[in-house]
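Asker: What would the 3D arrangement of this be:
(chains A, B, C and D)
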Number of protein chains: 2
Amino acid sequence: MRMHDNVASMTETKVSAGSGETGTDRESTADVREWREILARHADLSCALDRELQAGHALGMSEYEVLERLAELPEQSAKVSAIAKSVHLSQSALSRVIGRLETAGLVERVMCTQDRRAVIVQLTESGLLLQTEAQPTQRRVLAERLHAPLLKSCE
Amino acid sequence: MRMHDNVASMTETKVSAGSGETGTDRESTADVREWREILARHADLSCALDRELQAGHALGMSEYEVLERLAELPEQSAKVSAIAKSVHLSQSALSRVIGRLETAGLVERVMCTQDRRAVIVQLTESGLLLQTEAQPTQRRVLAERLHAPLLKSCE
DNA sequence: GAGTTTTGCATGCACATGCATCTAATGTCT
DNA sequence: AGACATTAGATGCATGTGCATGCAAAACTC
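Answerer: Reported below is the predicted structural model:
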């Protein structure tokens, strides 16, 4: 994804004109504030994570996410449909992420013998190694920025 | 208000304040939980907002965001560089969003006479009208899903 | 004032993503 | 068994995004 890095802000919330409405106005503006905070935090962290993972381990965020999910499992493998449930990607996007990981030799696609439509994604040695190497990078970025003050979206 | 205060029945992610340790396993796994929570909430809301804004008002999330920022300003116009600071888009992406809004007749690009490099984006009548119509949709989606338990059903 | 650097925005390009669709395998119904 | 429906995953296509770059205008240096 790799978003830009920006600073400063121009927030100038006026919004409500204050007629005889119920309390919904105040509540929804609180919602908006919260939503903007999620947006800002997500943008900041996605950008930072993607940049550091790319620079340090040639991994995108989606790729790392899939590797991490596989590494967390005792058998270090899962059906595509199972991975899809724990990652926020469409089925097609996930299929291509797995394709990239396979090309890079980090996972292998194995036909499932019980259900021959399904594909089991198996973490390889180098895939596990790379995830193990990349994990501290991810943890460090999270520790650095997850609770850091946001420079945007706060007037 | 901190964003994770109200996040449904999820794990409580309080960071210990006592020790000066950084990057310990316990803390980083708490970070991971919080990060995944942000990812899930962001995915759910982005998808829902985009779908409803698209269906109801033919607006994408980025387009709505820009309209909203402009509508919040007393003069309902701003330089591109100013908008860029309050929206989580790269400068190039923002330029194209503004292009789409202009094509749709929702904003106009006006040359800035003080700085002839700059472009002032001015909300039009129909732009303001559309934003006014779309705002309740956004507020409703936020109210419905911002604090709802995460179901990961985004399609 | 001429030359250089920086700033503001647009654009070519590469690429990741979602949607619709396709193929194959499985499940279901009669 | 045969016919239809459903599910798992891959792929063509359109689109939105970021990066690198281009261009013009302002700012800076001498």
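
Asker: could you pull out the strands for chain A?
Answerer: A:77-79, A:107-111, A:119-123 (DSSP state E).

Asker: what stretches of chain A score poorly on pLDDT?
Answerer: For chain A, the stretches with pLDDT under 70 are A:1-26, A:151-155.

Asker: Kindly recompute the last result at 90.
Answerer: A:1-29, A:148-155 (pLDDT under 90).

Asker: So which bits of the longest helix anywhere in chain A are buried?
Answerer: Longest helix of chain A, by residue count under DSSP state H: helix A:24-57. For helix A:24-57, burial by neighbour count (16 or more other C-beta atoms under 10 Å in any protein chain shown) applies to A:28, A:31-53, A:57. (Glycine included, C-beta is placed from N, CA and C.)

Asker: The residues you listed: which ones sit near DNA strand C?
Answerer: Among these, proximity to DNA strand C is found for none (C-beta under 7 Å from any atom of the strand).

Asker: Return stretch A:130-139 as CSV; C-alpha atoms alone will do.
Answerer: Extracted in CSV, the C-alpha atoms of stretch A:130-139 (Å, rounded to 0.1, in the frame of the first residue of the first chain):
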residue,chain,number,x,y,z
LEU,A,130,11.7,-14.9,6.8
GLN,A,131,8.7,-14.5,9.0
THR,A,132,10.8,-15.0,12.0
GLU,A,133,13.2,-12.4,10.8
ALA,A,134,10.4,-9.9,9.9
GLN,A,135,8.4,-10.2,13.1
PRO,A,136,10.7,-8.1,15.2
THR,A,137,10.5,-5.4,12.6
GLN,A,138,6.7,-5.4,12.7
ARG,A,139,6.7,-5.4,16.5
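
Asker: What residues sit buried inside it?
Answerer: Here stretch A:130-139 shows A:130, A:131, A:134, A:135, A:137, A:138, A:139 as buried, counting by 16+ other C-beta under 10 Å.

Asker: One more: stretch A:88-97?
Answerer: Residues A:88, A:89, A:94, A:97 are the ones in stretch A:88-97 that count as buried (16+ other C-beta under 10 Å).

Asker: near DNA strand D, anything from it?
Answerer: Yes - interface with DNA strand D: stretch A:88-97 contributes A:91, A:92, A:95, A:96 (C-beta under 7 Å from any atom of the strand).

Asker: wait, doesn't the first one sit right on residue A:97?
Answerer: No - counting by C-beta atoms under 8 Å, residue A:91 does not reach residue A:97; the two are 10.8 Å apart.

Asker: And residue A:130, how far from DNA strand D?
Answerer: Taking C-beta to the nearest atom of the strand, to the nearest Å as the measure, residue A:130 and DNA strand D are separated by 20 Å.

Asker: ok, that residue - contacts?
Answerer: A:57, A:59, A:67, A:106 (C-beta atoms under 8 Å, 6 or more residues apart in numbering or on different chains).
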